[in-house]
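S.K.: Return a 3D structure for these sequence lines:
(chains A and B)
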Number of protein chains: 2
Amino acid sequence: MFLAKVFIYYKTGVLDPQGSAIKATISSSGFEHVKDVRTGKFFEVKIDTCDKAQAQEIANELCEKVLANPVIEDYKYEIMEA
Amino acid sequence: MFLAKVFIYYKTGVLDPQGSAIKATISSSGFEHVKDVRTGKFFEVKIDTCDKAQAQEIANELCEKVLANPVIEDYKYEIMEA
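M.R.: Sure thing, here's the model as predicted:
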C-alpha cells in the first residue's frame, strides 16, 4: 500500500480570488505583516499496490485527468509507503 | 520576507464527504487501485519580517485563529525564506 500526497496549486499569474479575500480579512484583523495569500488543495490518496512505479503512474494519471485542471493549475505529488 | 506553507487537514475520525465523493468518482473511472481519498487545503502566506521567530509566531496565530477550524481540523506549517 502506498500513500500519494498530491498538492494542487494555481499556476503563476492565475488570479486567486479566494486567496485575495483571505488576505483582505487577515489584514483587517491586525496581521499587518501578511503581504500575500495563495490557496491550494491537497489530497491524500491510498493506492493499493506493492509496486512503487505503478503507484507513481497511477498518481500521475490521477493528477492529469481528475484532480488538477491543467489549464490553470499545477500539481506535484510525493509517494510514500503506508 | 518569509513564506509560510500551511497545510490544513481533517482530524482522524472526522468525515470527509468531499474525499468520499472523489473516491467514488475515481473508482468508477477505472482506478480500481485507489482505496481512499482524503482532502485538505493549503495556503502560501508571505510574511514581511526579517525575524524567523516572529514569522513562526504569526503563522501559528493565523492557523489557530483564521485558517483552521480547531474543532475538526489539524494544521502544520513550514517557514522558509522567500
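
S.K.: When you work out contacts or count neighbours from here on, use the C-alpha atoms and nothing else.
M.R.: OK.

S.K.: helices or strands next to the helix or strand where A:Ser27 lies in the packing?
M.R.: Assigned by DSSP states H and E, A:Ser27 falls within helix A:17-28. Packed against helix A:17-28 by the contact rule (3 or more C-alpha pairs under 8 Å, 6 or more residues apart in numbering or on different chains; DSSP states H and E) you find strand A:34-47.

S.K.: can you tell me the average pLDDT over the strand it packs on?
M.R.: The pLDDT scores in strand A:34-47 average 95.

S.K.: just stretch A:20-29 next, same as before
M.R.: Rounded mean pLDDT across stretch A:20-29 is 93.

S.K.: Next, find the distance separating A:Ala55 from A:His33.
M.R.: Computed as C-alpha to C-alpha, to the nearest Å, the A:Ala55 to A:His33 distance reads 41 Å.

S.K.: count of neighbours near A:Lys52?
M.R.: When neighbours are counted by other C-alpha atoms under 10 Å in any protein chain shown, A:Lys52 registers 15.

S.K.: give me phi/psi at it?
M.R.: For A:Lys52, the backbone dihedrals (degrees, to the nearest 10) come out as phi -60, psi -40.

S.K.: what does the one 5 residues further on give?
M.R.: With angles defined as degrees, to the nearest 10, A:Glu57 sits at phi -60, psi -40.

S.K.: mind listing what A:Gln54 touches?
M.R.: By C-alpha atoms under 8 Å, 6 or more residues apart in numbering or on different chains, the contact list for A:Gln54 is empty.

S.K.: And A:Asp16, by the same measure?
M.R.: Taking C-alpha under 8 Å, 6+ apart as the contact definition, A:Asp16 lies against A:10, A:38-39.

S.K.: Let's see that with 10 Å instead.
M.R.: Residues near A:Asp16 by C-alpha atoms under 10 Å, 6 or more residues apart in numbering or on different chains: A:9-10, A:37-40.

S.K.: Those: which ones sit near chain B?
M.R.: Residues of the contacts of A:Asp16 in contact with chain B (C-alpha under 10 Å from any C-alpha of the partner chain): A:9, A:37-40.
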